[in-house]
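Colleague: Sharing a model that was predicted from the sequence below.
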Protein chains: 2
Amino acid sequence: MMWDDGLSTYAERLAASVTQRQSRLCVGLDPLPERIEGDLADWLRRVIDETADVAAAYKPNIAFFEAIGVAGYELLFDLRDWVPADIPLILDAKRGDIADTAERYAQAYFEGMRMDAVTVNPLLGRDSIAPFLRHPSRGVYLLAYTSNPGAADFLVGDDPERPLWRSILALEAWGRTQPGTLGFVAGLTAQAAGCFSSLPDCPILIPGLGAQGGEAAALAALRGRRAAWLVNVSRSLLYPAAGAERAVLARQFRDQINAVTGAPEAERE
Amino acid sequence: MMWDDGLSTYAERLAASVTQRQSRLCVGLDPLPERIEGDLADWLRRVIDETADVAAAYKPNIAFFEAIGVAGYELLFDLRDWVPADIPLILDAKRGDIADTAERYAQAYFEGMRMDAVTVNPLLGRDSIAPFLRHPSRGVYLLAYTSNPGAADFLVGDDPERPLWRSILALEAWGRTQPGTLGFVAGLTAQAAGCFSSLPDCPILIPGLGAQGGEAAALAALRGRRAAWLVNVSRSLLYPAAGAERAVLARQFRDQINAVTGAPEAERE
């Protein structure tokens, strides 16, 4: 599969990967040098090898690479060679800046690092999002309804009539007029999952399963949803307890998600 | 002056630089390889040498370095050695992520790159800001009231009774309880400048003078303001028209700002 052929959208390629692997599992790549023995590049390749049969996507979190310094940043450019070509790579960067700066970020991540999608912070509005969506075969996930304590400050807010997350989700209609694919990041809570019933076609990226404490049961509202959506697991898969095998854990997470929402095969379009 | 002594706050060090240079000019560092002849490191050192007598701060925009690739990213680690020790370095990164990811960003920028301050996107709330403010001698500028077209989507919004920017500025009181210094990013418009009359003590960073089209006259509301605030100029100083000298332009921008708001000396505390 060619990533730059412009013939397939990010949504299509993501759906193909989900169906192929019967999995909505996204494997987060958060390297913590203090918990890794040996070479970081070897460790990343091993994580990928052990999980690629059930990983519908990989999500490197750029902050963990940046904290390592230049050597960590450099690893981001190798990931596309290490991850099988039909599995999308989502850079978790949450960038948000205006037009020409956003263009430079898109250049860095889509061209330099060859990422397939990126997470974007929508605070500055449409001119901060459009430069990422100008890339026809790439995807953009906007932060929408997170479940961290600070979500109460702005995203969920104190006005139930006009929550900010609802204004962000309203960009979905605008996103359909853009060349790229627009999706959203939502927390692993029943409230967040429930927000998407009126948006049946957009990709959703849901972090928080495993170490972050979220329960797969919160996904019940997504049962039968046709569009490609993902649940991310990072820490509890990357740094398993003694005796646990990463490949086995990955399958368990895949099955746990499918048990709640149905296997992706039934939703094939 | 030691940057890591923990004895001086970012606000104090910034005020000292402003007073010392009689200047509120912040020089943005946006390297555009297609407009630079020769070595990028040499170019950056030359820009710094030509402007350091009137630059109260420097503001590298990380997107422009990231778009260059690993070699560009690497330059960010050298800036602290090239900029005089008493001039703060503000990394324009607009990062915004939750607790442990935010900690990794703070580690990358404050420890790895030795930046004195960073711009932060407050969308995810206080737990996305606090990890940056835990560094006592460092500064954090929150995006608050920008002047890009997309600001109408969320920050300024359609509800004049409850604009989002006002909720963001309300974090100022919380910021005073944190070890680091909290400030804000505001657009170069009279409306944005007028928002800060009730917050007389916090740093403000105002981009947009020069190539971005903003006029210094919009700063009139800040006349007599005691706290250290900065106006950033990037492109029109970095890439001057043929025959124009960067050192002369920098002084002109400094004087243009002071003409509207009064020289910093009069505001010495």
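Modeller: Thanks, I have it. Numbers count the residues shown, from 1 in each chain, chains lettered A, B, ... in the order given.

Colleague: Now the residue nearest the centre of chain A. Its backbone dihedrals?
Modeller: Centroid-nearest residue in chain A, with C-alpha atoms, centre = their mean: A:L205, separated by 4.6 Å. Phi and psi for A:L205, reported as degrees, to the nearest 10, are phi -120, psi 120.

Colleague: Please name the nearest non-neighbouring residue to whatever residue of the stretch 151-269 of chain A ends up closest to chain B.
Modeller: Relative to chain B, the nearest point of the stretch 151-269 of chain A is A:D153 (3.4 Å; C-beta to the nearest C-beta). Using the backbone N, CA and C atoms, a C-beta is placed for each residue, glycine as well. In this structure, A:D153 finds its nearest non-sequential neighbour in B:G125, 3.4 Å apart by C-beta to C-beta, 6 or more residues apart in numbering or on different chains.

Colleague: For that neighbour, grab the count of nearby residues.
Modeller: The burial count assigned to B:G125 is 22, neighbours taken as other C-beta atoms under 10 Å in any protein chain shown.

Colleague: Same check on the one 10 residues further on?
Modeller: A count of nearby residues for B:H135, using other C-beta under 10 Å, gives 24.

Colleague: Touching, it and B:Y105? I think so.
Modeller: No - counting by C-beta atoms under 8 Å, B:H135 does not reach B:Y105; the two are 11.5 Å apart.

Colleague: Wait, A:L14 touches A:G139, no?
Modeller: Yes - A:L14 is within contact range of A:G139, at 7.0 Å (criterion: C-beta under 8 Å).

Colleague: Overlap in contacts, those two.
Modeller: Residues touching both A:L14 and A:G139 (C-beta atoms under 8 Å, 6 or more residues apart in numbering or on different chains) are A:P88, A:A117, A:P203.

Colleague: Show me which residues of the stretch 101-250 of chain A are close to chain B?
Modeller: A:101-102, A:104-105, A:107-108, A:112, A:121-129, A:143, A:146, A:148-155, A:157, A:159, A:162, A:164, A:167-168, A:171 (C-beta under 8 Å from any C-beta of the partner chain).

Colleague: can we see that at 6 Å?
Modeller: Contact residues (C-beta under 6 Å from any C-beta of the partner chain) of the stretch 101-250 of chain A with chain B: A:101, A:104-105, A:107-108, A:112, A:121, A:123-128, A:148-151, A:153-154.

Colleague: what's the burial count for A:P179?
Modeller: Neighbour count of A:P179, defined by other C-beta under 10 Å: 13.

Colleague: nearest residue to it other than its sequence neighbours?
Modeller: In space, A:P179 is closest to A:P136, 4.1 Å off (C-beta to C-beta, 6+ apart).

Colleague: That neighbour: what secondary structure?
Modeller: Under DSSP: H, G, I helix; E, B strand; the rest coil, A:P136 falls in the coil class.

Colleague: can you give me the helices in chain A?
Modeller: A:10-21, A:40-51, A:62-66, A:70-75, A:79-82, A:99-106, A:126-133, A:164-169, A:171-175, A:190-194, A:235-238, A:246-261 (DSSP state H).

Colleague: Deepest in the core, which of these is it.
Modeller: helix A:62-66 (a mean of 25; mean count of other C-beta atoms under 10 Å in any protein chain shown).

Colleague: In strands only, show me the shared contacts of A:L14 and A:G139.
Modeller: A:A117 (DSSP state E).

Colleague: now the shared contacts of A:L14 and A:G139 as TSV including pLDDT, distance to B:K94 and neighbour count?
Modeller: Compiled in TSV, the shared contacts of A:L14 and A:G139 are given as follows (pLDDT from 0 to 100; distance: C-beta to C-beta, whole Å; neighbours: other C-beta atoms under 10 Å in any protein chain shown):
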residue	pLDDT	distance to B:K94	neighbour count
A:P88	98	25	27
A:A117	98	19	30
A:P203	97	24	25
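
Colleague: Let's have the shared contacts of A:L14 and A:G139 in a markdown table, adding distance to A:K59.
Modeller: Below are these laid out as a markdown table (distance: C-beta to C-beta, whole Å):
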| residue | distance to A:K59 |
| --- | --- |
| A:P88 | 9 |
| A:A117 | 9 |
| A:P203 | 13 |
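
Colleague: just curious, which of the shared contacts of A:L14 and A:G139 is nearest to B:A242?
Modeller: Lowest distance from B:A242 to the shared contacts of A:L14 and A:G139 (C-beta to C-beta) belongs to A:A117, with 42.2 Å.

Colleague: Once you drop chain neighbours, what's closest to that closest one?
Modeller: Nearest residue to A:A117, sequence neighbours excluded (C-beta to C-beta, 6+ apart): A:G139, at 3.3 Å.

Colleague: dump the residue contacts of A:P149.
Modeller: Listed by C-beta atoms under 6 Å, 6 or more residues apart in numbering or on different chains, the contact set of A:P149 reads B:D127.

Colleague: Please tell me how far it sits from B:P200.
Modeller: Using C-beta to C-beta, to the nearest Å, A:P149 is found at 30 Å from B:P200.

Colleague: one step back: report pLDDT for the residue nearest to the centre of chain A.
Modeller: Looking at A:L205, its pLDDT is 98.

Colleague: Does it touch A:L142 like I think?
Modeller: No - checked against C-beta atoms under 6 Å, the pair A:L205 and A:L142 is beyond contact range at 9.8 Å.

Colleague: Now for the residue nearest to A:W229 when sequence neighbours are not counted, how many residues are close by?
Modeller: Using C-beta to C-beta, 6+ apart and skipping residues adjacent in sequence, the residue nearest A:W229 is A:I204, 4.0 Å away. A:I204 is flanked by 24 other residues according to other C-beta under 10 Å.
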